[in-house]
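got a predicted model here, sequence first, then my questions.
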Amino acid sequence: MANKVVANAEEAIEGIKSGMTLMLGGFGLCGIPEKCIAALAARPEIKDLTCISNNAGVDDFGLGLLLKNHQIKKMVSSYVGENDEFERQMLSGELEVELTPQGTLAEKCRAGGAGIPAFFTPTGYGTEIAEGKEVREYNGKKYILEESLTSDFAIVKAWKGDTKGNLIFKATARNFNPVMAMAGKVTIAEVEHLVEPGELDPNEIHTPGIYVNRIFEGKNYEKRIEQRTVRSAEG
Amino acid sequence: MANKVVANAEEAIEGIKSGMTLMLGGFGLCGIPEKCIAALAARPEIKDLTCISNNAGVDDFGLGLLLKNHQIKKMVSSYVGENDEFERQMLSGELEVELTPQGTLAEKCRAGGAGIPAFFTPTGYGTEIAEGKEVREYNGKKYILEESLTSDFAIVKAWKGDTKGNLIFKATARNFNPVMAMAGKVTIAEVEHLVEPGELDPNEIHTPGIYVNRIFEGKNYEKRIEQRTVRSAEG
Amino acid sequence: MLDKNGIAKRIAQELKDGWYVNLGIGIPTLVANYIPDGIDVTLQSENGLLGMGPFPTEEEVDADLINAGKQTITTRPGSVFFHSADSFAMIRGGKVQLTVLGAMEVDQNGDIANWKIPGKMVKGMGGAMDLVASAENIIVAMMHTNKAGESKLLEKCTLPLTGVNCITKVVTNLAVLEVKDGAFILKERAPGVSAEEIKNATAGKLIVEGDIPEMTI
Amino acid sequence: MLDKNGIAKRIAQELKDGWYVNLGIGIPTLVANYIPDGIDVTLQSENGLLGMGPFPTEEEVDADLINAGKQTITTRPGSVFFHSADSFAMIRGGKVQLTVLGAMEVDQNGDIANWKIPGKMVKGMGGAMDLVASAENIIVAMMHTNKAGESKLLEKCTLPLTGVNCITKVVTNLAVLEVKDGAFILKERAPGVSAEEIKNATAGKLIVEGDIPEMTI
């Protein structure tokens, strides 16, 4: 019987090769596939990667690990402000960066997964993002044509998953994960809890298993916090 | 404090006027807003409606009730095969019908709600659906440009809802309801169970309350079945 | 010659383990009854379900749980519900590995017509146009000729099209045919049916190369 | 003259009961602290949350629950989580009634620049371009002048734009201004600030008509 379950991150990333395009879920460090990223960082011979990810991690965690290894040739992101090594590589020209508005980035991934090759959006009209893009007016408002994105591998992190690849995300760790899962030629899901089919309520699943090719349960998630903001218990 | 809760279907449909465009959730008779449709049928002075709905009900239930009253001027649907009165009105020219592929219809509603005025889709290329529409090639495949849909009122039916308008649908009664909820200038939700904020798990909500303007709990849902197919208990 | 169940049985042989499959209304639906042992196939119903199960018992009937043919159904463990836009996203996105649907006409270019008879049948295309525009692997399940005895495998479709250049295989009561390079290529004969009979029942260009085997069901 | 909290307090007066509001990073975030009594406002965080609550206690901290500024937060009853495409669907769809964000420059045509200083700051636009392209009602919260004392309210933005013709109101440490018909229209003065001082600090076209009231906070 077809089996999507792999043993670990090392096995999950089999087939990822230099020069490929990867999508990686997460917003900041929240909901990133930290096990697969670590496994990629342990394979420094895989390089010249194009990484589509809203952010680029921090210097010593998440995609920052791949940047440090010079495994990334190009980043497609909306915000890359929290990573010194990133800024250094970008300003020195070692790293190519394609900044894309966050909503456009999310919609490009969803469209790529949904068989929609291009769509009109108001975002970025009149800005340098619109340069070279077709402009069209609908109901008196200006829109630009954006093309969708797909990837060789999409790598996502979920809270729970079953062996058929159905996924449930937790809170705001959902973010880009479901739309990227749609847009990978191969989609890898790492989950905190792997269960049997039938254990997840079919009404509560966020990503249908049809999008997931490989799945494994990661152990001891670090889930690092970027901005730990708290109030006093009485507050 | 802002209050979205209305007493019943009669109150919910206040403001719907002749000549307006309505979206109505449901697939066949499954997940249709049967209370609001009945309330509209009880107001036969509201007519010349354009109804965007995947199907057109049956002769004596769902949108069939509005057809019988001649309240509908135009239907935008993908499949209208189960309604004799519909066929009669269409063939006689009393009723205008715009047949739209099911996936295109769903995507047009989602796009309308998502601020995307138009998108390219492969569906219908080379058929009469593509007549007059722009064709463009991406990666060797042909696509046509489809424009999004919005409506004066979107009327949806959910299983559970809270007073902030958050909705959870049940099983395949979800269908067009969430995408139509996004695309109404005013969105009305009728639900089987209306609860207080906090009673629905924020991780399990299908339609965020931001899309819902009015909500009420309907009583004694009929939920008629079109094709009652069963197997014997031993089967 | 095959009956409808025979056509469904032959198509079921095309299924591969792990595939996601969308079965249209009519003969295609019957394919679910003949899924070979050891093959795990997940059925997609475009109204919003992956993991469709058999019809319910009288006690299990749930008005909120139907398939694209509006029939009451059940789910299998690991099933998922989603909305219509998400459903066609996975269809257009090419995630459904096999689509089986019926047709009124198919032609040698892989065009298909199955949604409209002008002035007569105006039920609509439902999800068929999306399915044929999206899938890489589409099998048409139908009778070789219509009730008037006319071939449904044509040089050029005469009815309004559902999709162009999209059909790769046709399984009828008489034969299994591939559609390729502007012709129907005869691959298998139904039990007891000769290549000559198939040729006579096919209006479009038919290629018969070598000895055509009889299908085994 | 107002401090950052004063600007936030003044903006909070613009809130209306039942509104959905997106607050950007910096001064805009502070607006949440001054929501008037009896006004029920739902905060949208574009990383995927409606119904953002205050910062968590040490015990409540959850790495999976952050806002668009990557800060740990909590939720209020009736909150909802969704993915990034759904989040920007509601933003582009115009369902968020008020967006408050910071800026490096605003000009008299309602253009705004807040994401890039060429050769210097290259952090990216995040969700700001989507927000300004979509909302009907956008308030910029910022200091009237930059650290060098130069006006941030210009005839024409000099930095790369975030959006065009989109800003309708600006609230600074000195004034409340509407942006309309190619000019800044002075509506209110900050406590103790004269119209003359505001005029001197505004590089773009400023319209001062009649007696300008001092704001009440």
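All right, it came through fine.

which stretches of the chain form helices?
This is for chain A. Counting by DSSP state H, chain A has helices at residues A:9-12, A:34-41, A:64-68, A:84-91, A:102-113, A:177-182.

oops, wrong one, chain C.
C:4-12, C:27-30, C:84-92, C:128-134, C:195-200.

poorly predicted segments of the chain, please.
With no chain named, the answer covers chain A. Within chain A, the stretches with pLDDT under 70 are A:1, A:233-235.

again, only using 80
A:1-2, A:81-82, A:233-235 (pLDDT under 80).

enumerate the residues of chain A near chain B.
Within chain A, the positions near chain B by CB under 8 Å from any CB of the partner chain are A:107, A:111, A:114-122, A:136, A:138-139, A:141, A:143, A:147, A:168-171, A:202-204. For the C-beta atoms, the positions are set from N, CA and C on the backbone; glycine is no exception.

now those residues: which count as buried?
The neighbour count (16 or more other CB atoms under 10 Å in any protein chain shown) marks A:107, A:111, A:114-122, A:143, A:168-171, A:202-204 as buried among the residues of chain A next to chain B.

which residue of chain C lies farthest from its centroid?
Largest separation from the mean C-alpha position in chain C: residue C:59, at 31.0 Å (CA atoms, centre = their mean).

and it, how far from chain B?
Relative to chain B, residue C:59 is positioned 7 Å away (CB to the nearest CB, to the nearest Å).

repeat that for residue C:172.
Separation of residue C:172 from chain B (CB to the nearest CB): 23 Å.

that residue reaches residue C:151, doesn't it?
No - using CB atoms under 8 Å, residue C:172 makes no contact with residue C:151, being 10.0 Å away.

now do the shared contacts for these two.
Here residue C:172 and residue C:151 share the contacting residues residue C:144, scored by CB atoms under 8 Å, 6 or more residues apart in numbering or on different chains.

so between those two, which is more surrounded?
Neighbours around residue C:172 and residue C:151, counted as other CB atoms under 10 Å in any protein chain shown, are more numerous at residue C:172. The numbers are 27 against 18.

for the more buried one, give me its contacts.
Applying CB under 8 Å, 6+ apart, the residues contacting residue C:172 are C:2, C:7, C:141, C:142, C:143, C:144, C:152, C:153, C:190.

start to end distance for stretch A:119-127?
Criterion CA to CA, to the nearest Å; first-to-last residue distance in stretch A:119-127 is 18 Å.

swap in stretch C:197-206?
Stretch C:197-206 has an end-to-end distance of 12 Å (CA to CA).

what's next to that stretch, contact-wise?
So stretch C:197-206 is in contact with C:107-108, C:144-145, C:150-151, C:153-155, C:174-175, C:177, C:182-186, C:189, C:208, going by CB under 8 Å, 6+ apart.

in strands, which of those fall?
C:107, C:153, C:154, C:175, C:177, C:183, C:184, C:185, C:186, C:189 (DSSP state E).

what remains of those if I keep only buried residues?
Neighbour counting by 16+ other CB under 10 Å classes C:107, C:153, C:154, C:175, C:177, C:183, C:184, C:185, C:186, C:189 among those as buried.

the second one is in contact with residue C:107, isn't it?
Yes - between residue C:153 and residue C:107 there is a contact under CB under 8 Å: 7.5 Å.

thanks again, I'm all set now.
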